[in-house]
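Peer 1: model the structure of this input:
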Amino acid sequence: MRAVETPDPVTFVFAVLLAAAISTGVFAHASKHGSRHATAWGVAAFLAAGVAVPLYFIRYWVRRDVRE
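Peer 2: Residues are numbered from 1 along each chain as shown. Next comes the predicted model:
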């Protein structure tokens, strides 16, 4: 069994920048479309993008269809 390897500093910085960009995008979208919890969606996207981003957009599309 191999030990978990730590990423080199460049990979780590890239990962943090990517997570920040994704969370900023989700926050901006949520804020623009009137979400009362835009900050929470942004933080969730930063911490767990693989779960939070699809969940946010599915929720957005469902609620948008209901309003129309």
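Peer 1: what comes up buried for the lengthiest helix in the chain?
Peer 2: Looking across the chain with DSSP state H, the single longest helix is helix 9-32. Across helix 9-32, burial judged by 16 or more other CB atoms under 10 Å covers Ile22, Ser23, Val26, Phe27, His29, Ala30. Heads up, the C-betas are built off the backbone N, CA and C, glycines and all.
Peer 1: shouldn't Ala52 be in contact with His37?
Peer 2: No: using CB atoms under 8 Å, Ala52 is not in contact with His37; the gap is 11.5 Å.
Peer 1: tell me which of these two has more neighbours.
Peer 2: Ala52 (20 against 11; other CB atoms under 10 Å).
Peer 1: for that one, give me its contacts.
Peer 2: Listed by CB atoms under 8 Å, 6 or more residues apart in numbering, the contact set of Ala52 reads Val26, Trp41, Ala44, Ala45.
Peer 1: swap the cut-off to 10 Å and go again
Peer 2: Contact analysis of Ala52 by CB atoms under 10 Å, 6 or more residues apart in numbering lists Ile22, Ser23, Val26, Ala40, Trp41, Gly42, Val43, Ala44, Ala45, Phe46.
Peer 1: any idea how far the residue nearest the centre of the chain is from Glu5?
Peer 2: Among the residues of the chain, Ala45 comes closest to the average C-alpha position under CA atoms, centre = their mean, at 2.2 Å. Separation of Ala45 from Glu5 (CB to CB, to the nearest Å): 26 Å.
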